[in-house]
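> Could you look at this predicted model? Sequence included:
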Amino acid sequence: YISGNRSSASSEAPTQTISSAPSGMASGSSPPPRLSNPIVSATMRDQIVPVRGLERIMVQTMTKAHSVPTLLYSDEFEMDELIQVRAECKKLAAERGVKLTYLPFIIKAASLALLEYPKMNAHVNEDCSEYVLKGTHNIGVAVQTASGLLVPNVKSVETKTVLQIASELTELQKLGHDGSLTKEHLTGGTFTISNIGSIGGTVCKPLLVVPEVAIAALGKFQAKPKFDEDDEIVQTSVMNVSLSADHRVIDGATVARFSNLWKQYLEKPASMLLDAK
């Protein structure tokens with residue numbers, strides 16, 4: 001989740017102009033336009049790029065994460081009702097000066113599910129001789145900064161409303177853009193959500209943020225056909241959710257039940273009103 005910027009090549013490559021028409025082009029037709037981005041010459045020299053700063057930190061954290069035996073679980077969440085609820089609430093949130101995306105709902109629903117399955121919100125010690133069930137839900141989300149992706153966390157999600165979570169996400173994004181995120185923002189996470197779907201893709205295997213024991217990756221929204229109650233084919237919006245968990249302390253059944261409850265809250269967002277504090 002932490003990546004630095006790659007340095008660009010220092011030497012200039014000669015440009016290449018395509019002057020002949022491709023095979024099969026009709027006689028007398030005009031040649032293709034000049035490429036706006038010239039083809040890079042194969043003679044460009046290799047570069048040695050030292051791994052430093054945030055990239056070096058990423059090497060260390062991902063190496064540690066890869067050493068953990070990990071269970072991967074994935075499911076599809078239907079998002080039609082959440083899309084409708086968010087559309088209804090978006091204007092009200094804007095009137096209060098808050099940008100309301102889907103992510104605050106997803107984070108709050110995850111927190112409600114964590115209340116029922118606290119083992120998913122734990123920290124494990126280095127030799128896995130004990131783990132701590134964390135008393136608060138500090139849920140991490142990736143934020144783009146000039147230095148790369150960083151993962152600050154929204155503190156005490158279990159005590160916050162969807163609107164409060166949305167406001168804090170906006171503030172974290174602003175701090176990240178300004179390069180003002182502090183150690184307080186970046187430490188103390190208990191569960192992480194990677195919104196990879198905002199870029200693209202559906203299913204992936206997220207690596208744990210040690211010492212956390214679970215992490216989720218959100219795929220992009222997709223329109224898919226399904227059978228309704230009358231066996232008619234209808235269109236529905238779905239999101240793939242991929243969960244990775246430390247298999248030393250969490251079994252597959254716990255991950256599946258947590259995912260099912262999280263899914264229930266998001267597919268029937270009104271049900272969050274019954275359990276939200």
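Thanks, I have the structure now. None of these values were measured; they are calculated from a predicted model.
> and Lys220, that one's in a strand?
Yes. With DSSP: H, G, I helix; E, B strand; the rest coil as the criterion, Lys220 is assigned to a strand.
> For the lowest-mean-pLDDT helix or strand in the chain, which strands pair with it and how are they oriented?
Lowest mean confidence among the helices and strands of the chain (mean pLDDT, DSSP states H and E): strand 143-145, at a mean of 83. The strands that strand 143-145 pairs with in its sheet are strand 148-150 (antiparallel) (by DSSP bridges).
> What are the contacting residues of the next helix or strand after the strand it pairs with?
Past strand 148-150, further along toward the C-terminus, the next helix or strand under DSSP states H and E is strand 153-154. Contact with strand 153-154 is made by 107, 138-141, 160, 165, 168-169, 172, 185-186, 188-190, 192, as judged by C-beta atoms under 8 Å, 6 or more residues apart in numbering. No exception for glycine: its C-beta is placed from N, CA and C like everyone else's.
> Between which two of those is the distance greatest?
The largest separation in those, counting by C-beta to C-beta, is between Lys160 and Leu186 at 18.9 Å.
> out of those two, which sits in the busier spot?
Between Lys160 and Leu186, counting by other C-beta atoms under 10 Å, Lys160 is the more crowded of the two (21 against 15).
> which ones are touching the more buried one?
If a contact means C-beta under 8 Å, 6+ apart, then Lys160 has Lys108, Val154, Glu168 as its contacts.
> Relative to Ser242, which of those residues is nearest.
Lys108 (19.6 Å).
> Just give the number of residues close to the closest one.
27.
> what helix or strand does it sit in?
Of the helices and strands defined by DSSP H and E, Lys108 is found in helix 103-116.
> Distance from that helix to the middle of the chain?
For helix 103-116, the gap between its own C-alpha mean and the chain's C-alpha mean amounts to 15 Å (C-alpha atoms, centre = their mean, to the nearest Å).
> Quick one: list the elements packing against that helix.
If you count contacts as 3 or more C-beta pairs under 8 Å, 6 or more residues apart in numbering; DSSP states H and E, helix 103-116 packs onto helix 80-95, strand 139-141, helix 162-178, strand 191-194, helix 252-267, helix 272-275.
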